[in-house]
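S.K.: Prediction below, plus the sequence it came from.
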Amino acid sequence: MSEVNDVTKDALKKINVKEYGNLVKEMKPKRALIPDLIWAFVIGGLICLVAQFIQNQFIINGVSILDARASTAIIMIFLAALATGLGIYDILGERAGAGTIVPITGFANVIVASAMEFKKEGYVFGVGAKIFNVAGPTLVFGIVTAMLIGLIKFFLIS
């Protein structure tokens, strides 16, 4: 008797999974691929254009290229954090999708958004403890990748 019940339960699970899959396909919003790609390209390009403009202004005013790059990165991080805090980055993200994930500004957005989300839990157990929930894996991957590239360069060039 229990074998029949197990078979019946498995059959119901399969039917429910199929029905659920069909329901998800029906309910999933349809997105136009070409306009999404264009918005991602335009917004991502504009973010890069702003960064390039800032860097050029530093260089024109006599700052060395290395210092101009570092200063530009700091300003872009600040602007992305400010835009996230004001809710502007979320609006851009809804429209441009992956176009807003230009590495440095996208990373700043993730950090600030995490901090804002957990602020209500307090600065120590909320912001301090959970700020790197999303960004932590990115940091680990970036550090490991940088180490591997450094080792490869060391052994191939040395």
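M.R.: In hand now; what should we look at? This structure is a prediction, so every number in the text was calculated from the model and none was measured. Residues are numbered from 1 along each chain as shown.

S.K.: Which helix or which strand is home to V42?
M.R.: Taking DSSP states H and E as the definition, one finds V42 inside helix 33-60.

S.K.: List the buried residues of that helix.
M.R.: By 16 or more other Cβ atoms under 10 Å, the buried positions in helix 33-60 come out as 39-40, 43-44, 47, 50-51, 54-55, 58. No exception for glycine: its C-beta is placed from N, CA and C like everyone else's.

S.K.: what does stretch 118-130 give?
M.R.: In terms of neighbour count (16+ other Cβ under 10 Å), stretch 118-130 has its buried residues at 118, 126-127, 130.

S.K.: if we can go back for a sec, determine the set of other helices and strands touching the helix holding V42.
M.R.: With contacts defined as 3 or more Cβ pairs under 8 Å, 6 or more residues apart in numbering; DSSP states H and E, the packing partners of helix 33-60 are helix 65-86, helix 88-96.

S.K.: Among these, which comes closest to G106?
M.R.: The closest of the helices and strands packed on helix 33-60 to G106 is helix 65-86. By Cβ to Cβ, the value is 7.6 Å.

S.K.: Restricting to C-alpha, output that closest one in PDB.
M.R.: What follows is helix 65-86 as a C-alpha-only set of coordinates in PDB (Å, rounded to 0.1, in the frame of the first residue of the first chain):
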ATOM      1  CA  ILE A  65      48.300  59.800 -15.100                       C
ATOM      2  CA  LEU A  66      48.600  57.400 -12.200                       C
ATOM      3  CA  ASP A  67      47.200  60.000  -9.700                       C
ATOM      4  CA  ALA A  68      44.500  60.900 -12.200                       C
ATOM      5  CA  ARG A  69      43.400  57.300 -12.400                       C
ATOM      6  CA  ALA A  70      43.300  56.800  -8.700                       C
ATOM      7  CA  SER A  71      41.400  60.100  -8.200                       C
ATOM      8  CA  THR A  72      38.900  59.200 -10.900                       C
ATOM      9  CA  ALA A  73      38.300  55.900  -9.300                       C
ATOM     10  CA  ILE A  74      37.600  57.600  -5.900                       C
ATOM     11  CA  ILE A  75      35.300  60.100  -7.500                       C
ATOM     12  CA  MET A  76      33.400  57.400  -9.400                       C
ATOM     13  CA  ILE A  77      33.000  55.300  -6.200                       C
ATOM     14  CA  PHE A  78      31.700  58.400  -4.400                       C
ATOM     15  CA  LEU A  79      29.200  59.300  -7.200                       C
ATOM     16  CA  ALA A  80      27.900  55.700  -7.400                       C
ATOM     17  CA  ALA A  81      27.500  55.600  -3.600                       C
ATOM     18  CA  LEU A  82      25.700  59.000  -3.700                       C
ATOM     19  CA  ALA A  83      23.400  57.900  -6.600                       C
ATOM     20  CA  THR A  84      22.600  54.700  -4.700                       C
ATOM     21  CA  GLY A  85      21.700  56.600  -1.500                       C
ATOM     22  CA  LEU A  86      19.500  59.000  -3.500                       C
END
